[in-house]
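Trainee: A predicted structure for the sequence below; I have some questions about it.
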Amino acid sequence: MTLNDSTREKIENLIQQSRVVLFMKGTPQAPMCGFSSKTVGLLGSILKDYTSVDVLEDQEVREGIKVFSNWPTIPQLYIDGELVGGCDIVTAMFNSSELHDMLGVEAPDRTPPEVTITDAAAEKILEAMAGHEGIGLHFAVDAGWQSQFNLAPAEGHEIKVDANGITLLFDLASAQRANGAIIDWAETMQGEGLTINLPQAPKPVNQLSVTGLKANLDDNSVILIDVRGSEERALASLDVARLMDTATMQEIEAMPKDTALAFICHTGGRSQVAAEHFRKQGFSNVSNVVGGIDAWSKEIDPSIPVYKDFK
């Protein structure tokens with residue numbers, strides 16, 4: 001692909017918008033690929049503000065940035081007008097603290113987390129590692145608080161923790177999320193396996209009935225956000241609900257993490273996804289309205305129309 005002058009100029013202008021510019025799929029609030037999600041998670045942990053460009057919104061930019069930078073994949077991070085790299089490079093620089101130095105932010109806390117491995121879990125882990133001498137046991141906790149083990153050589157930047165005769169290797173972000181973790185071995189009717197308790201993880205999304213929602217709205221103890229599009233809201237809506245747009249997203253992100261938030265859609269599916277997003281951002285009092293506005297219409301206020309699934 002040859003980059004024409006207009007596309008080159010467009011990309012150059014985007015890069016000059018601010019000191020830090022991330023070309024990604026989706027937005028920081030709703031990344032549309034795993035690599036973009038991981039990158040914004042790392043950047044968001046050390047920067048309050050940066051510019052993001054959603055390449056899915058502009059096919060010209062999506063293909064042009066690859067030619068412009070001579071870099072074949074998305075996301076791409078630019079700092080001071082220069083390409084830093086993609087997800088893997090950003091991750092490595094984050095873990096080595098090089099990214100912090102480049103951005104002029106405070107060096108990260110590299111205090112090893114406190115981790116407990118029970119005797120039963122230690123026995124099973126050691127059995128699984130038998131025959132893998134010289135390979136490190138990595139324990140990762142991603143931005144969605146999903147944890148996993150991986151056997152791989154150490155890269156040198158990891159934070160090491162010794163627990164019950166086992167050495168665990170953590171990347172920087174995982175070490176902070178894993179503090180206080182308890183790793184056990186459990187046998188249930190469904191089978192047996194490791195169980196991991198992460199005390200730092202946000203509380204699960206609360207499932208809020210429409211009756212409970214009404215009580216909360218009556219005493220102004222919750223902020224209600226409607227995640228549906230304009231066409232659905234035109235069919236049935238609650239005046240008290242805020243529209244889920246960019247301005248609302250930014251406003252919520254600036255609120256205290258214990259702010260009570262409730263999300264509503266037609267029947268509760270899409271609102272659950274939105275609620276999970278903010279739970280993963282650290283909000284500790286997040287609810288999904290079970291049954292959505294359909295249940296509100298049937299159980300609380302029959303004057304609000306009931307409509308069929310929106311296609």
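Mentor: Received the coordinates, thanks.

Trainee: list the buried ones in stretch 50-59?
Mentor: Buried residues in stretch 50-59, counting neighbours by 16 or more other Cβ atoms under 10 Å, are found at 50, 52-56, 58. Heads up, the C-betas are built off the backbone N, CA and C, glycines and all.

Trainee: my bad, stretch 293-311
Mentor: By neighbour count on 16+ other Cβ under 10 Å, the buried set for stretch 293-311 is 293-297, 300, 304.

Trainee: can you redo those as JSON lines with distance to residue 179?
Mentor: Output for the buried residues of stretch 293-311, formatted as JSON lines (distance: Cβ to Cβ, whole Å):
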{"residue": "293", "distance to residue 179": "40"}
{"residue": "294", "distance to residue 179": "41"}
{"residue": "295", "distance to residue 179": "39"}
{"residue": "296", "distance to residue 179": "40"}
{"residue": "297", "distance to residue 179": "45"}
{"residue": "300", "distance to residue 179": "42"}
{"residue": "304", "distance to residue 179": "46"}
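
Trainee: looking at those, which is nearest residue 189?
Mentor: Among the buried residues of stretch 293-311, residue 295 lies closest to residue 189 (Cβ to Cβ), at 32.7 Å.

Trainee: does anything pack onto the strand or helix carrying that closest one? Which helices or strands?
Mentor: Assigned by DSSP states H and E, residue 295 belongs to helix 292-299. With contacts defined as 3 or more Cβ pairs under 8 Å, 6 or more residues apart in numbering; DSSP states H and E, helix 292-299 has these neighbours: helix 210-218, strand 261-264.

Trainee: so how far is whatever helix or strand comes next after the last one from its chain's centroid?
Mentor: Scanning forward in sequence from strand 261-264 by DSSP H and E, the next helix or strand is helix 269-280. From the chain centre to the centre of helix 269-280 is a distance of 11 Å (Cα atoms, centre = their mean, to the nearest Å).

Trainee: quick check: mean pLDDT of stretch 272-289?
Mentor: Stretch 272-289 shows an average pLDDT of 90 in the prediction.

Trainee: measure that stretch end to end?
Mentor: End-to-end distance for stretch 272-289: 8 Å, by Cα to Cα, to the nearest Å.

Trainee: cool, and stretch 232-251?
Mentor: The first-to-last residue distance of stretch 232-251 comes to 23 Å (Cα to Cα).

Trainee: what's next to it, contact-wise?
Mentor: For stretch 232-251, contacts defined as Cβ atoms under 8 Å, 6 or more residues apart in numbering pick out 29, 217, 223-228, 263-264, 266, 274, 293, 296-297, 304-307, 310.

Trainee: ok, now with 6 Å
Mentor: 29, 217, 224-227, 293, 304-305, 307, 310 (Cβ atoms under 6 Å, 6 or more residues apart in numbering).

Trainee: just stretch 214-223 next, same as before
Mentor: Here stretch 214-223 makes contact (Cβ under 6 Å, 6+ apart) with 240, 260-262, 300.

Trainee: hmm, try it at 10 Å
Mentor: Stretch 214-223 is contacted from outside by 208-209, 212-213, 224, 238, 240-242, 248, 251-252, 255, 259-263, 285, 287, 289, 296, 299-301, using Cβ atoms under 10 Å, 6 or more residues apart in numbering.

Trainee: stretch 182-196 now?
Mentor: Residues outside stretch 182-196 that contact it (Cβ under 10 Å, 6+ apart): 114-125, 128, 139, 141, 146-149, 163-164, 166, 168, 178, 181, 197-199.

Trainee: what angle sits between the helix holding residue 295 and helix 210-218?
Mentor: Going by axes from the mean of the first three to the mean of the last three Cα atoms, to 10 degrees, helix 292-299 is angled at 100 degrees with respect to helix 210-218.

Trainee: list phi and psi for residue 228.
Mentor: Per-residue torsions, residue 228: phi -80, psi 160 (degrees, to the nearest 10).

Trainee: kindly report the same for residue 186.
Mentor: Residue torsions, per degrees, to the nearest 10, at residue 186 are phi -130, psi 150.

Trainee: state the pLDDT value of it.
Mentor: 92.

Trainee: tell me how many other residues crowd it.
Mentor: The number of residues packed near residue 186 is 13, by other Cβ atoms under 10 Å.

Trainee: and the lowest-mean-pLDDT helix or strand in the chain, how far from the chain's centre?
Mentor: None of the helices or strands of the chain scores lower by mean pLDDT, DSSP states H and E than helix 246-253, at a mean of 86. For helix 246-253, the separation from the chain centroid amounts to 16 Å (computed by Cα atoms, centre = their mean).
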